[in-house]
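Visitor: Fold the following.
(2 chains)
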Amino acid sequence: AQSVAQPEDQVNVAEGNPLTVKCTYSVSGNPYLFWYVQYPNRGLQFLLKYITGDNLVKGSYGFEAEFNKSQTSFHLKKPSALVSDSALYFCAVRGGDDYKLSFGAGTTVTVRA
Amino acid sequence: DSGVTQTPKHLITATGQRVTLRCSPRSGDLSVYWYQQSLDQGLQFLIQYYNGEERAKGNILERFSAQQFPDLHSELNLSSLELGDSALYFCASSVGGGDSSYEQYFGPGTRLTVT
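Guide: Numbers count the residues shown, from 1 in each chain, chains lettered A, B, ... in the order given. As a prediction, this is how the structure comes out:
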């Protein structure tokens, strides 16, 4: 069975500071990893994905994520956070022949001005 | 705007009733996925259709069913509704179905309230 853990329910940072949202996963076979963001009363928006290749993946809105196979992690990062980055962030994984996308519980990011 | 549309946006109904949620995927996408989001369960995968055929099943109750039509729109039918079915229901679509690497694009959701 595949699963995702987002160990922090909330992350608070000051605007301009680096932002990191943590994600670890468990899956059989090679993982396909995704990050999504959800703003209040909106659907999820795709940010980036890791399929294969370079461990550092760049995505939308200045976000990037680093795949670490030995630590089974896929942390989301942004060098300089904006107030508008305040939202709910979800990590998701799909593995091998499993068509199901499994989501973590989500991390609420608050960026204070 | 993801290009995925869902109707209605809000639905209020009584226990025991039946409702139908509708989803139109992005142009060109063949797969449609349904998810349920609630505070206690988080985001749960319900079911996937690819080009009209059921492809994968998740935590979908027997009281729930779905189908994908020839024009690729999909409907999720919820029957014998219970208070616990109150949730946000999302539809998502992707280009492929057999390739796990495709990202999914989500609609705005239908908020179902069962009273």
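Visitor: and A:Glu15, how many neighbours?
Guide: Number of residues near A:Glu15 (other CB atoms under 10 Å in any protein chain shown) recorded here: 15. For glycine as for every other residue, the C-beta is placed from the backbone atoms N, C-alpha and C.
Visitor: right, and it touches A:Ala113 too?
Guide: Yes: A:Glu15 is in contact with A:Ala113 according to CB atoms under 8 Å; the separation is 5.4 Å.
Visitor: Mutual contacts of the two, please.
Guide: By CB atoms under 8 Å, 6 or more residues apart in numbering or on different chains, A:Glu15 and A:Ala113 have these common neighbours: A:Val83.
Visitor: Quick check: phi and psi at A:Arg42.
Guide: When read as degrees, to the nearest 10, the backbone of A:Arg42 gives phi -130, psi 160.
Visitor: Which stretches in chain B count as strands?
Guide: B:5-7, B:10-13, B:19-24, B:31-38, B:42-50, B:53-57, B:64-68, B:74-78, B:87-94, B:105-106, B:110-114 (DSSP state E).
Visitor: mind checking pLDDT for the residue sitting nearest the centre point of chain B?
Guide: The centroid of chain B falls nearest to B:Trp34 when counting by CA atoms, centre = their mean (2.9 Å). As predicted, B:Trp34 sits at a pLDDT of 96.
Visitor: Ok, A:Val27 next?
Guide: If you check A:Val27, the pLDDT there is 89.
Visitor: Now that we have the strands of chain B, can you turn them into a markdown table and tack on distance to chain A?
Guide: Shown next, in a markdown table, are the strands of chain B (distance: least, CB to the nearest CB, whole Å):
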| stretch | distance to chain A |
| --- | --- |
| strand B:5-7 | 8 |
| strand B:10-13 | 11 |
| strand B:19-24 | 11 |
| strand B:31-38 | 7 |
| strand B:42-50 | 4 |
| strand B:53-57 | 4 |
| strand B:64-68 | 14 |
| strand B:74-78 | 15 |
| strand B:87-94 | 6 |
| strand B:105-106 | 4 |
| strand B:110-114 | 9 |
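Visitor: Quick check: which of the ones you listed is nearest to A:Asn68?
Guide: Among the strands of chain B, the nearest to A:Asn68 by CB to CB is strand B:42-50 (23.8 Å).
Visitor: Residues contacting that closest one, please?
Guide: A:44, A:90, A:99-106, B:30-38, B:54-60, B:64, B:66-68, B:74, B:76, B:90, B:96-98.
Visitor: so where's chain A uncertain?
Guide: By pLDDT under 70, the weakly predicted segments of chain A are A:96-98.
Visitor: Please apply the same query to chain B.
Guide: In chain B (pLDDT under 70), the answer is B:97-100.
Visitor: still on that earlier bit, looking at it, the residue nearest to the centre of chain B is touching B:Gln68, isn't it?
Guide: No: the criterion here is CB under 8 Å, and B:Trp34 misses it with B:Gln68 at 10.2 Å.
Visitor: so what's in contact with the two at the same time?
Guide: Residues touching both B:Trp34 and B:Gln68 by CB under 8 Å, 6+ apart: B:Ser74.
Visitor: re the thing from before, who does the residue nearest to the centre of chain B bridge with?
Guide: B:Ile47, B:Cys91 (DSSP bridges).
Visitor: cool, and A:Ala14?
Guide: A:Arg112.
Visitor: Near it, how many other residues are there?
Guide: With other CB under 10 Å as criterion, A:Ala14 counts 11.
Visitor: Likewise for the one 5 residues further on?
Guide: Taking other CB under 10 Å as the neighbour definition, A:Leu19 ends up with a count of 22.
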